[in-house]
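>>> Build me a model:
(one chain, ligands or ions: 3)
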Amino acid sequence: MRLRGRIAYKCLTLIVVAVIILLVCIDYFAPNAKRDEFLTHLPPLERDVSQEQTAPQNIETDSKLSRLVNLTDFKYEIPNNVCRKNDKGLLAIIIVTSYAGHDELRAAHRLAAPQSKLAEMGMQRIFLLAALPTKEKYITQKQVLDEQQRFGDILQGNFQEAYRNLSYKHVMGLRWAATDCPNAKFIIKIDDDIIYDVFHFRRYLESLEVQQPTLIASQAYLAGYVLNARPPVRNVANKWFVSEHEWPRTTYPAYLSGWLYITNPATALRLVEQAQQTPFFWIDDTWVTGILREKLNISMQHLNAWYSANAEFMDCCVRDLKSQSSYECEYFVGPNGGDNKMLVEFLHNVEKCYFDECSKRPPEKSLKKTCVGSAKHLLPDHGSGQVKQVAL
Ligand SMILES: *[C@@H]1O[C@H](CO)[C@@H](O)[C@H](O)[C@H]1NC(C)=O
Ligand SMILES: *[C@@H]1O[C@H](CO)[C@@H](O)[C@H](O)[C@H]1NC(C)=O
Ligand SMILES: *[C@@H]1O[C@H](CO)[C@@H](O)[C@H](O)[C@H]1NC(C)=O
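Residues are numbered from 1 along each chain as shown. Ligands and ions are numbered 1, 2, ... in the order given. Predicted structure coming up:
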């Protein structure tokens, strides 16, 4: 009896051990994202990509992301995890190119549409900054850190703020959106000095989500103001002067105005990858949405009718929205004309149109007919956008 009992006990032990070994083996060889070879070897910046089922996954890409374009010592001076806190997933992440010294413009964006209000619309916003140049007298890094402490909406790279470094900033923003915000369906890239109707873009993207759901995962989605065959500025006195050495061709490939364009994380990742393999060009929107895009053969969706390059039109829109008739604005994107507060006025007044409290603008009341400055034909482009606005 005792002997049988012992044999049974030994058999039971063996079976238990065998089952444990089997379970361990099954677990080890099972296809498990967390154990995926390349995901465990991602550089720290991309550490959480494994948790995002929609993350575009590409071994080649991820190993190259430890540098930014040709900056080998790139890192975030101020990182940002705003998307990780929104695990529900976002309709859109808004990335705003902002000069570090433009704290007043950032304040206007926050006043016009606070992060909490954007969250209600399924959106979040971050500002893309670079390191302060030594000659910067107006703002200190401590102030930038305080701003981050208070608002949590800053992403700062360790390269220096400079016009000629804008392409780094642009690629940094796309890279962050693609790797740290892959649960956002769309990316809206804007400049800090433009006016844009965030309610319109929310409605538009929601309609795309329903009507063209495949766009969200598309690796070739770019939409905005298409600038076709623009020539480089060859006037040495112009701030946007480009030498023949920098760009020998007489025109640029078609590109999107950097004022505002829409893309998605999957497309952004391809642009970032392409940026690592393409000679650097300092005009950021031309490089990213023109030169890099052309190499990837991505076509662009034309939203040109939504843009005005005339700051006075945006001003007149605010005036008309405030008036008894509450006419809708004809444009959704335009320059602020140097008025930092205009975005606040515009968004606070245009919101009611999304509660059906505005009326259609009759043709005879078009901005071209009723607003000063109607004779100007400006493009949202470098050079042409820089033209001094002269009152008629
Ligand atoms: C990156 O490329 C640009 C343009 O070719 C060049 O001016 C710059 O010195 C390079 N930077 C580094 C760190 O190699
Ligand atoms: C761009 O950033 C790099 C890296 O911080 C810096 O060395 C360079 O001077 C900056 N370019 C300009 C034009 O300031
Ligand atoms: C680029 O895309 C177009 C369609 O969008 C296609 O007809 C063409 O063959 C593509 N070219 C290359 C080089 O892949």
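>>> neighbouring contacts of the helix or strand hosting L321?
Assigned by DSSP states H and E, L321 belongs to helix 311-322. Helix 311-322 has contacts (Cβ atoms under 8 Å, 6 or more residues apart in numbering) with 195, 308, 326-331, 334-339, 342, 345-346, 349-350, 352-353, 358, 361, 365, 367, 370-373, 389. From N, CA and C alone the C-beta is placed, and that goes for glycine too.
>>> at 6 Å instead, please
By Cβ atoms under 6 Å, 6 or more residues apart in numbering, the residues outside helix 311-322 that reach it are 195, 327, 329, 334-335, 337, 345-346, 349-350, 367, 371-373.
>>> Could you say which helix or strand holds D285?
Here D285 sits within helix 284-286, counting by DSSP H and E.
>>> Show me what secondary structure element comes after that helix.
Next element after helix 284-286 (DSSP H and E): helix 293-296.
>>> how about that next one: buried residues?
R293 (16 or more other Cβ atoms under 10 Å).
>>> What of stretch 159-172?
For stretch 159-172, the neighbour count (16+ other Cβ under 10 Å) marks 159, 161, 165-172 as buried.
>>> Mark which of those are part of strands, please.
F159 (DSSP state E).
>>> which of the buried residues of stretch 159-172 sit farthest apart?
Of all pairs drawn from these, the greatest distance, 15.2 Å, lies between E161 and V171 (Cβ to Cβ).
>>> before we move on, the earlier item: give me the buried entries from the contacts of helix 311-322.
The neighbour count (16+ other Cβ under 10 Å) marks 195, 327, 329, 334-335, 337, 345-346, 349-350, 367, 371, 373 as buried among the contacts of helix 311-322.
>>> From these, which land in helices?
Among the buried ones among the contacts of helix 311-322, the members falling in helices (DSSP state H) are 345-346, 349-350, 367.
>>> which among the residues you listed gets closest to ligand 1?
The nearest member of those to ligand 1, counting by Cβ to the nearest ligand atom, is F346 at 37.4 Å.
>>> my guess is the closest one contacts I195, does it?
Yes. In this structure, F346 is within contact of I195 by Cβ atoms under 6 Å, at 5.0 Å.
>>> how would you label the closest residue to ligand 2 within the stretch 201-350 of the chain: helix, strand or coil?
Proximity of the stretch 201-350 of the chain to ligand 2 (Cβ to the nearest ligand atom) peaks at W282, 8.2 Å away. Taking DSSP: H, G, I helix; E, B strand; the rest coil as the rule, one finds W282 in the coil state.
>>> nearest residue to it other than its sequence neighbours?
Of all residues not flanking W282 in the chain, R164 sits nearest, at 4.4 Å (Cβ to Cβ, 6 or more residues apart in numbering).
>>> pLDDT score assigned to the one you found?
Looking at R164, its pLDDT stands at 94.
>>> And it, how close does it get to ligand 1?
Plainly put, R164 is 8 Å away from ligand 1 if you go by Cβ to the nearest ligand atom, to the nearest Å.
>>> Ramachandran angles for the closest residue to ligand 1 within the stretch 1-150 of the chain?
Nearest residue of the stretch 1-150 of the chain to ligand 1: N70, at 3.8 Å (Cβ to the nearest ligand atom). Main-chain torsions, N70, degrees, to the nearest 10: phi -110, psi 20.
>>> Pull the contacting residues for E294.
P253 are the contacts of E294 under Cβ under 6 Å, 6+ apart.
>>> What segments of this protein are helices?
Using DSSP H, the helices found in the chain span residues 2-29, 37-40, 59-64, 103-112, 115-120, 141-151, 166-180, 198-211, 265-275, 284-286, 293-296, 311-322, 342-350, 367-370.
>>> Nearest to G258, out of those?
Checking the helices of the chain against G258 by Cβ to Cβ gives helix 284-286 as the closest, at 3.2 Å.
>>> What about contact with ligand 1: does that closest one have any residue there?
No. Helix 284-286 does not reach ligand 1 (Cβ under 6 Å from any ligand atom); its nearest approach is 13.1 Å.
>>> Provide the contact partners of that helix at residue level.
For helix 284-286, contacts defined as Cβ under 6 Å, 6+ apart pick out 166-167, 170, 252, 255, 258.
>>> With distance to D315 as added columns, please give the residues you listed in CSV.
Formatted as CSV, those follow (distance: Cβ to Cβ, whole Å):
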residue, distance to D315
L166, 27
S167, 31
H170, 28
Y252, 31
Y255, 28
G258, 22
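>>> Looking at the residues you listed, which is nearest L205?
For the contacts of helix 284-286, the nearest to L205 is G258 (19.0 Å; Cβ to Cβ).
>>> Could you pull up the residues touching the closest one?
Contact analysis of G258 by Cβ under 6 Å, 6+ apart lists 191, 285.
>>> Roughly how far does it sit from L166?
Look at G258 and L166: by Cβ to Cβ, to the nearest Å, they are 8 Å apart.
>>> Good, wrapping up.
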